[in-house]
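# need a 3D model of the following:
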Amino acid sequence: MALKPRNRVLDNFAMSGMTDIVFLLLIFFMLTSTLIAPNALKMLLPSRGQVTVQSESNIPTVTIHSSSRITVDGRTVSLGELGTVLDARLQGIAEPTIRVITSPSVTVGDAVKIMNVAAERDYTVVLKQL
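Have a look, this model is predicted:
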């Protein structure tokens, strides 16, 4: 007398439910990724042989030194008065541009503070590292 088990183990697997979930997740991520707006600053990085748009005398140079000291065209200013100094220097210019020069020992946070001041006033930033 041969005993047969009542429950038989099936060795196949239905993939249709899994593919539906994968496609729904793919559509979800594609839709949500288009809704993300990048939080970026308007910045021009110089390249070799780049043609200058404005004359060099019209562009103020903001230098960040390693001790977090900020100078505008050689004059030391604080972060609080940087915006008013740049406003006075760039008054009447159609497309105001500033040049930010940093040394390798300057932290990114110090450079971002300067770029945030420029972004609040809608200045174009040209970033250069010594």
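
# ok, T97 to D122 distance?
For T97, the distance to D122 equals 11 Å [C-beta to C-beta, to the nearest Å]. Using the backbone N, CA and C atoms, a C-beta is placed for each residue, glycine as well.

# meant to ask about I93, not that
12 Å.

# between these two, which is the more surrounded one?
Using other C-beta atoms under 10 Å as the criterion, I93 and D122 rank with I93 on top: 12 against 9.

# wait, the more buried one sits on N58?
Yes. I93 is within contact range of N58, at 6.3 Å (criterion: C-beta atoms under 8 Å).

# low-scoring pLDDT stretches of this protein, where are they?
Applying pLDDT under 70 to the chain flags the ranges 1, 38-46, 48-57.

# I21 sits in which helix or strand?
Using DSSP states H and E, I21 sits in helix 16-34.

# the residue lying closest to E120 once chain neighbours are set aside is in what secondary structure piece?
Spatial nearest neighbour of E120, excluding adjacent residues (C-beta to C-beta, 6 or more residues apart in numbering): G83 at 7.1 Å. Secondary-structure element containing G83, defined by DSSP H and E: helix 79-89.

# give the buried residues for that helix.
L82, G83, V85, L86 (16 or more other C-beta atoms under 10 Å).

# now stretch 120-130
Y123, T124, V125, V126, L127.

# can you tell me the SS state at V126?
Using DSSP: H, G, I helix; E, B strand; the rest coil, the secondary structure recorded for V126 is strand.

# report the separation between it and T34.
For V126 relative to T34 (C-beta to C-beta), the value is 30 Å.

# likewise for G92?
In terms of C-beta to C-beta, G92 sits 40 Å off from T34.
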